[in-house]
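Trainee: sequence unknown, structure follows:
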């Protein structure tokens, strides 16, 4: 599946799309309009990562903030606080969490 | 981490790079030179997916062969045979397997 074709963007907040879900793994999309964010949060006992497909956003991982664009991997191992402070432009991010929440 | 900066390409065969490993999740890179392949195989009890970062390759999933390029997600749920028949050009693929093999 071509991920950009499955993106859903909402004017009011970041939108999520599920691509695959089992008890072991969740794969989905986080779709940000410019200025949208995802509050910093933590998954206990589950490892997560983001891969930026298109766009540019500021990610928070632990104590760090990183600017990421296409081809960038952002890892958030179990227990590490993470989120998206702000999308600079329309941004599509692949997200995977194992095991699925 | 910018994935293309971590790619390793080998003349003799597809090269793998680990990005993250826990008991729950393996995240890595599969790096193909043109014409290289990955034999069809199956993970029992683990879900896997590929995301093409750069390039173009022919993936096998179950009975299907799909041509995939940047931004394409290829899902191989537990028990489904999968592999890469042939990379058309130098191709970088993100791979995740949950739980890690």
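Mentor: Looks like it arrived, so ask away. A quick note: this is a predicted structure, and the numbers were derived from the prediction, not measured. Numbers count the residues shown, from 1 in each chain, chains lettered A, B, ... in the order given.
Trainee: please count neighbours and contacts with C-alpha atoms only from this point.
Mentor: OK.
Trainee: how near is the residue lying farthest from the centre of chain A to chain B?
Mentor: The outermost residue of chain A, judged against the average C-alpha position, is residue A:23 (19.2 Å), by CA atoms, centre = their mean. Separation of residue A:23 from chain B (CA to the nearest CA, to the nearest Å) stands at 10 Å.
Trainee: verify the contact between that residue and residue B:45 for me.
Mentor: No - no contact is recorded between residue A:23 and residue B:45 when judged using CA atoms under 8 Å, the distance being 10.7 Å.
Trainee: checking the residue farthest from the centre of chain A next. Helix, strand or coil?
Mentor: Under DSSP: H, G, I helix; E, B strand; the rest coil, the three-state class of residue A:23 is coil.
Trainee: separation between it and residue B:99?
Mentor: Here residue A:23 is placed at a distance of 10 Å from residue B:99 (CA to CA, to the nearest Å).
Trainee: okay, and the common contacts of those two?
Mentor: With contacts taken as CA atoms under 8 Å, 6 or more residues apart in numbering or on different chains, the residues that reach both residue A:23 and residue B:99 are residue A:99.
Trainee: which residues does the helix or strand hosting residue A:73 contact?
Mentor: Using DSSP states H and E, residue A:73 falls within strand A:73-76. Outside of strand A:73-76, the residues that reach it under the criterion CA under 8 Å, 6+ apart are A:47-52, A:59, A:61, A:82, B:1-3, B:20.
Trainee: out of those residues, which comes closest to residue B:35?
Mentor: Distances from residue B:35 to the contacts of strand A:73-76, taken as CA to CA, are shortest for residue B:3 (21.3 Å).
Trainee: quick one: that closest one and chain A, what's the gap?
Mentor: With distances taken as CA to the nearest CA, residue B:3 is found 6 Å from chain A.
Trainee: ok, that residue - contacts?
Mentor: Listed by CA under 8 Å, 6+ apart, the contact partners of residue B:3 are A:71-73, B:53.
Trainee: spell out which residues of chain A are next to chain B.
Mentor: A:1-4, A:20, A:24-25, A:46-47, A:53, A:71-75, A:98-99 (CA under 8 Å from any CA of the partner chain).
Trainee: and if we set it to 7 Å?
Mentor: Proximity of chain A to chain B, by CA under 7 Å from any CA of the partner chain, involves residues A:1-4, A:24-25, A:47, A:53, A:71-74, A:98-99.
Trainee: of the residues you listed, closest to residue B:9?
Mentor: Out of these, the one with the shortest distance to residue B:9 is residue A:71. That distance is 16.9 Å, counting by CA to CA.
Trainee: quick one, what contacts that closest one?
Mentor: Contacts of residue A:71 were listed using CA atoms under 7 Å, 6 or more residues apart in numbering or on different chains, and they are A:51-53, B:2-4, B:53.
Trainee: where does residue A:26 land on pLDDT?
Mentor: Looking at residue A:26, its pLDDT reads 98.
Trainee: for the residues of chain A next to chain B, which one is nearest residue B:32?
Mentor: Looking at those and their distance to residue B:32, the nearest is residue A:71, at 16.3 Å (CA to CA).
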